[in-house]
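J.: Fold the following for me, if possible:
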Amino acid sequence: MLDKKILEGLFRQNYGGMIRLARTILDDDGEAEDVVQDVFVRLANRDNVSDINAGYLMTAVHHGCMNQIRRKQLHNQVHSLYPIEPEADIMPTRQLMERLDEIQSFAREQMHEPYCTIFRLRFDEDLTIKEIAERTRFGIGTVHKYLQQSIRLVQQHLKQQEL
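T.: The predicted structure follows:
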């Protein structure tokens, strides 16, 4: 680990310039301080100090800032792909369970074969289309067609229930 006096000297000599660079790049005081602190934390864990100078520290801050920007961009991309729904749009668990029961009842009581069996194998037993084809001895394309049609039947049933 790096000697505390050496680390303190590097901090006193370079902190002002490092923080200005980070603030300029990130345009956020809190994030800038976090990046500079991370540089010093990593520095404190090093054994060799021979290559540490102002240029090294500024480069480390620059890289830290670029990593912070990449993390924020990734966070924004993920957030835009999976927006958090307002609570009004979220169906309560009890209603969701009732709806699932209704779908299962509809599939058992009103769907004809082979729609009912294929639907049940896919959603109750969580089998893949290939596994369903092996079990029912239908072709994969046939299983896929019946599954799509059974899903459409359920969707139509649910739409009628909403009216």
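J.: Check which residues of stretch 62-82 are buried.
T.: G64, C65, Q68 (16 or more other CB atoms under 10 Å). For glycine as for every other residue, the C-beta is placed from the backbone atoms N, C-alpha and C.
J.: Could you point out which of these is nearest to E109?
T.: Q68 (57.0 Å; CB to CB).
J.: quick one: average pLDDT of whichever helix or strand that closest one is part of?
T.: Using DSSP states H and E, Q68 maps to helix 54-81. Mean pLDDT, computed over helix 54-81, is 87.
J.: any idea which helix or strand comes after it?
T.: Following helix 54-81 toward the C-terminus (DSSP H and E): helix 93-110.
J.: For that following helix, buried residues please.
T.: Those buried within helix 93-110 under the rule 16+ other CB under 10 Å are I103, F106, A107.
J.: export those residues to a markdown table and tack on pLDDT?
T.: Below are those laid out as a markdown table (pLDDT from 0 to 100):
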| residue | pLDDT |
| --- | --- |
| I103 | 88 |
| F106 | 87 |
| A107 | 86 |
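J.: JSON lines please, covering these and showing distance to P92.
T.: Below are the buried residues of helix 93-110 laid out as JSON lines (distance: CB to CB, whole Å):
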{"residue": "I103", "distance to P92": "17"}
{"residue": "F106", "distance to P92": "21"}
{"residue": "A107", "distance to P92": "23"}
